[in-house]
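Enquirer: I'll drop the sequence and a predicted model, then ask my questions.
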Amino acid sequence: MGKSYERIEGRLRAFIEEQPVFFVASAPLSGDGHVNLSPKGRAGTLAVLDERTLAFLDFGGSHAETLAHLREPGNGRITLMWCAFTGPPKIVRVHGRGRPVFRDDPGFEELVARFGDADGPALRCVVVVEAEMISDTCGYAVPFMDYREERTLHAEHFGRKTDEEFAAYCEKKEFNGSSIDGLPALPLPLPPRG
């Protein structure tokens, strides 16, 4: 059954890196705020940086809830979750504190370089997660599902836009500059890529 880990290494790291999809959960500090849960995919967009640190590429979309929760003073709470849809049943969770590294951060380009070819159009920031609790559970109720292929629609859609057009897209979306709860999210105007 469930087990806790001090570090992300060995089979645990291999399991995380093999999964084609993971989920990100965050919430504002306010008790009446909205909890956010987002699926993340796109091959190569998650990296285990060390035994207690992970990072993922945050691409543009219609909302920026996770970024708002991570930026909220005193918050930064985030949970990442992976499910085994093939092989032995397993669920892994990393509870921790996250921080967005935006395009104008001095360490942005060096961090993005760790993702190689996964970098692409519409990259808003890199989210870095410092693990506070690492655990797994059985996953007995998770169904078997076959992975077919990556969806390329997001990359293709934003690949047709210049970086300036993408920045304009971010500014016109209601929940990019602030969250649905009114918290500051993506800093606008979006800085250009370096």
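Expert: Looks like it arrived, so ask away.

Enquirer: Where does pLDDT dip in this structure?
Expert: Scanning the chain for pLDDT under 70 picks out 1.

Enquirer: Now do the strands in it.
Expert: In the chain, the strands defined using DSSP state E lie at 3-5, 22-26, 36-40, 46-50, 53-59, 77-83, 91-102, 123-137.

Enquirer: Which neighbouring elements make contact with the third one?
Expert: The one in question is strand 36-40. strand 22-26, helix 65-71 (3 or more Cβ pairs under 8 Å, 6 or more residues apart in numbering; DSSP states H and E). (C-beta placed from N, C-alpha, C; glycine too.)

Enquirer: Mean neighbour count and distance to residue 86 for those - can I get that in a markdown table?
Expert: Shown next, in a markdown table, are the helices and strands packed on strand 36-40 (neighbours: other Cβ atoms under 10 Å; distance: least, Cβ to Cβ, whole Å):
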| stretch | mean neighbour count | distance to residue 86 |
| --- | --- | --- |
| strand 22-26 | 19 | 15 |
| helix 65-71 | 25 | 27 |
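
Enquirer: Buried ones in stretch 13-29, by neighbour count?
Expert: 15-16, 19, 22, 24-28 (16 or more other Cβ atoms under 10 Å).

Enquirer: ah, wrong one, I meant stretch 145-156
Expert: Under 16+ other Cβ under 10 Å, the buried positions of stretch 145-156 are 154-155.

Enquirer: Can I get it as PDB, trimmed to CA atoms?
Expert: Provided in PDB are the C-alpha atoms of stretch 145-156 (Å, rounded to 0.1, in the frame of the first residue of the first chain):
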ATOM      1  CA  MET A 145      -5.900   3.100 -20.600                       C
ATOM      2  CA  ASP A 146      -3.700   2.900 -23.700                       C
ATOM      3  CA  TYR A 147      -1.600   5.900 -24.700                       C
ATOM      4  CA  ARG A 148      -2.000   6.500 -28.400                       C
ATOM      5  CA  GLU A 149       0.000   9.700 -29.200                       C
ATOM      6  CA  GLU A 150       0.700  13.300 -28.400                       C
ATOM      7  CA  ARG A 151      -1.800  15.900 -29.300                       C
ATOM      8  CA  THR A 152      -0.100  18.500 -31.400                       C
ATOM      9  CA  LEU A 153      -2.900  21.100 -31.600                       C
ATOM     10  CA  HIS A 154      -1.500  23.500 -28.900                       C
ATOM     11  CA  ALA A 155       2.000  23.600 -30.400                       C
ATOM     12  CA  GLU A 156       0.600  24.000 -33.900                       C
END
